[in-house]
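Q: Please find the sequence and the predicted model below.
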Protein chains: 2
Amino acid sequence: MTSALPRVPKPEKRDRYEELLVAAAECFQKQGFSATSIDTVARYLGATKGRVYHYFPSKMDLFNAVRDRAMALAFDAIRPGYESDLPPVEKLAAMSTGHVKAMMQHHSYMQVLLDGLQMQRFGATTEFQRAAMERHLGERNAFEACFREVLQAGCDAGDLKLGRMSYILQSYLVALNGPVFWYRPREGDDDEKYATIAEDVVRFALAGVGVAEFPILSIRS
Amino acid sequence: MTSALPRVPKPEKRDRYEELLVAAAECFQKQGFSATSIDTVARYLGATKGRVYHYFPSKMDLFNAVRDRAMALAFDAIRPGYESDLPPVEKLAAMSTGHVKAMMQHHSYMQVLLDGLQMQRFGATTEFQRAAMERHLGERNAFEACFREVLQAGCDAGDLKLGRMSYILQSYLVALNGPVFWYRPREGDDDEKYATIAEDVVRFALAGVGVAEFPILSIRS
DNA sequence: GCAAACATACTACTCAGTATGTTGTCAACG
DNA sequence: CGTTGACAACATACTGAGTAGTATGTTTGC
C-alpha cells in the first residue's frame, strides 16, 4: 500500500516487471479487481505469489501500476494530435482517432483504466491509496481538459455546435471510449482493422459535435 | 444457483422483496459484484444474511434478479417511443430520450446492468448460470435490435447518414448509456434536470447519425 | 559467498452457503 | 374465546474454501 513513486526498474529487470504488468492487466480486465487474486496473476505466468510480491508491495499497488501505465498509454495516443498545430477540427480528429485506436490496441489496459475510474465508488481505503486516487483523478482531469480545450477552440472558431460543454464533453469521450465496452479483440485484427473501426467511431463523434465532413488526417498515429 | 423463474411474490411479501432488490442494486453499484458480500447487502438494510437467503438461494441469483429488473426498466423506458407510429427519426429521438432519462432515474440498476454485461468475461460458472447469462444476452440483443431497426429505417428513408451499422449502433448506444458512467446523482435532481441532460445527450447522439435538427418530441416519457 | 529473484509455508481473516434457533401471526380446534 | 400448532420471516451459529500478506527457504548468476 506504500504506493511509492513508480521506480523505473533496471534494463534487464524491466522485462520481468513488464511481464507482470501485462499479466495483471489481462487478469484485472477479465475478472475485475476484486475477483482477481494475486495467485491468479501469478498462475497466469506459471509462477507463484512470491514473484508478484517481489515487485509490488500489495495488490493495490499492482493495480495502480497497471492503471498508471494505461493512463500513460492514453496520453501517448493523443499527444501527436494534441501537440500539432492543426486547426481545431483537424486536431480534434487526430486526437480522437489516436485515442480510439489505443482503446483497441491496448484493450486490456484501457478496460482496467475505466474500471479504475469507476472504483471511486469503492471509497479509498488507506491514506496512501487516497493520495494515489487523487493523483490519478488529476491525470484524468488533465486528459479530459485536452479535449475540452480543443472542443472549445473549435466552438469559438464557429466550427462546432455544442450544447452545455460539460455534458457534450462527457458524451464525446464516452463515445470514443466505446470500443472498450463493445469491441472484442479478434485473432488477426491488425492496424488496418483498427483504423476502419476508428474512422466510423470518430466520424460519429465528430458529427455529434457538428462536424459534417470527416476531415482528412495528415497525422498518422 | 438454481436460478428459478422470477416467482412473483405475494402482495405484502412483495415490498420486502423489493427492498432487497433496491438494496442489492445499491450495493452492487457501489462496490461491484465480487466486492459486495451478502452481509453487506443485509447490513445495508439493518438485517442479517438470513433475510437475504430467505428470498434468494444464492448471491448469483440475487444479482441476476437485479440485472433482470434493470433490463425490464430499460425496456419500459423505450417502449412508448418504440411502439409509437412516429416516423423513424422522431421515433428514435423518443426512444433515446426515454433511455437516457432512465439511465439517470434508475442509476444504480443501470450501472449494475452494464456491469453485468461486462461480466461475460467472468466465464459463467455453473450450468444454470450459463443459461441465465444466455437468456440475458438474448434480451440485450433484442434491446439493441430495437434501435438497430429504427436506425435502419431512418437510413432507408434517407434521413440518416451511417457508416457500418454495427459500429455506429454500438457508438450510438454507448453514447446513450454515457450518463451511467459520468452522471453522479445529486440531491435535488428532478425530472427537469434529467430532461435537460437527456436533451443534450440525445442531440449529440442524433447528430452523430446525421440528424442536424433536434426533432420536437410529442411523446413524454 | 552474497544478493536478487523467486518459491514454499503459514497466519489471520473474509465470505458463501447451510443448519438450526427464535419470534410473530394466523387458523383451526376444542 | 383461549389454546395450540404450523408456518413464514427472519436471526444466529457454524463450516469450508479462498485470499492478502508475511516469514522464511532455495536457487542462480556474478
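A: Everything's here; your move.

Q: So the closest residue to DNA strand C within chain A, which state does it fall into?
A: Closest to DNA strand C within chain A is A:Gly50: 1.9 Å, counting by CB to the nearest atom of the strand. Using the backbone N, CA and C atoms, a C-beta is placed for each residue, glycine as well. Taking DSSP: H, G, I helix; E, B strand; the rest coil as the rule, one finds A:Gly50 in the helix state.

Q: where do the helices sit along chain A?
A: In chain A, the helices defined using DSSP state H lie at A:11-35, A:38-44, A:49-55, A:59-82, A:88-105, A:107-118, A:127-156, A:165-182, A:191-208.

Q: in the last one, what's buried?
A: If you call a residue buried by 16 or more other CB atoms under 10 Å in any protein chain shown, then helix A:191-208 has these buried ones: A:194-195, A:197-208.

Q: Quickly check: that helix near chain B or not.
A: Yes: counting by CB under 8 Å from any CB of the partner chain, chain B has neighbours in helix A:191-208: A:Thr196, A:Ile197, A:Glu199, A:Asp200, A:Val201, A:Arg203, A:Phe204, A:Ala205, A:Ala207, A:Gly208.

Q: quick one: the third one and A:Phe214 touch, right?
A: Yes: if you go by CB atoms under 8 Å, A:Glu199 and A:Phe214 touch, sitting 7.3 Å apart.

Q: separation between the nearest residue to the residue of chain A closest to DNA strand C once chain neighbours are set aside and A:Val202?
A: Closest residue to A:Gly50 apart from its sequence neighbours, by CB to CB, 6 or more residues apart in numbering or on different chains: A:Ala42 at 7.9 Å. In this view, A:Ala42 and A:Val202 are 39 Å apart by CB to CB, to the nearest Å.

Q: centre of the chain versus the lowest-mean-pLDDT helix or strand in chain A, how much separation?
A: Using mean pLDDT, DSSP states H and E, helix A:11-35 stands out as the lowest-scoring helix or strand of chain A, at a mean of 91. Here the centre of helix A:11-35 is set off from its chain's centre by 15 Å, with CA atoms, centre = their mean, to the nearest Å.

Q: do the same with stretch A:61-72
A: In this view, stretch A:61-72 has its centroid 10 Å away from the chain centroid, taken as CA atoms, centre = their mean.

Q: got the buried residues for it?
A: By 16+ other CB under 10 Å, the buried positions in stretch A:61-72 come out as A:Asp61, A:Leu62, A:Phe63, A:Asn64, A:Ala65, A:Val66, A:Arg67, A:Asp68, A:Arg69, A:Ala70, A:Met71.

Q: tell me the domain boundaries of chain A?
A: Domains of chain A are assigned by automatic domain parsing as A:10-56, A:59-208.

Q: Save those as CSV, and put in distance to B:Pro80 too.
A: Formatted as CSV, the domains of chain A follow (distance: least, CB to CB, whole Å):
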stretch, distance to B:Pro80
domain A:10-56, 35
domain A:59-208, 23
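
Q: looking at chain A, which residue lies furthest from center?
A: A:Gly158 (29.6 Å; CA atoms, centre = their mean).

Q: phi, psi of that one?
A: Dihedral angles of A:Gly158 (phi, psi; degrees, to the nearest 10) stand at phi 80, psi 10.

Q: Up against DNA strand D, what does chain A have?
A: Within chain A, the positions adjacent to DNA strand D are A:1, A:36-40, A:49-50, A:53, A:57-60 by CB under 7 Å from any atom of the strand.

Q: between those, which is closest to chain B?
A: Closest approach to chain B among those (CB to the nearest CB): A:Thr36, at 8.7 Å.

Q: Next, count neighbours for the closest residue to that closest one other than its chain neighbours.
A: With sequence-adjacent residues excluded and distances taken as CB to CB, 6+ apart, A:Thr36 is closest to A:Cys27, at 4.7 Å. Other residues near A:Cys27 come to 25 when the count uses other CB atoms under 10 Å in any protein chain shown.

Q: just checking, A:Cys27 touches A:Thr40?
A: Yes: taking CB under 8 Å as the definition, A:Cys27 is a contact partner of A:Thr40 at 5.3 Å.

Q: before we move on, the earlier item: report the buried residues of the least confident helix or strand of chain A.
A: For helix A:11-35, the neighbour count (16+ other CB under 10 Å) marks A:17, A:20-35 as buried.

Q: and the angle for that helix with helix A:165-182?
A: 100 degrees (axes from the mean of the first three to the mean of the last three CA atoms, to 10 degrees).

Q: how big is the angle separating helix A:11-35 from helix A:107-118?
A: Computed by the same axes, to 10 degrees, the angle separating helix A:11-35 from helix A:107-118 equals 50 degrees.

Q: Is helix A:11-35 positioned near DNA strand C?
A: Yes: applying CB under 7 Å from any atom of the strand, one finds helix A:11-35 in contact with DNA strand C at A:Glu12, A:Lys13, A:Arg16.
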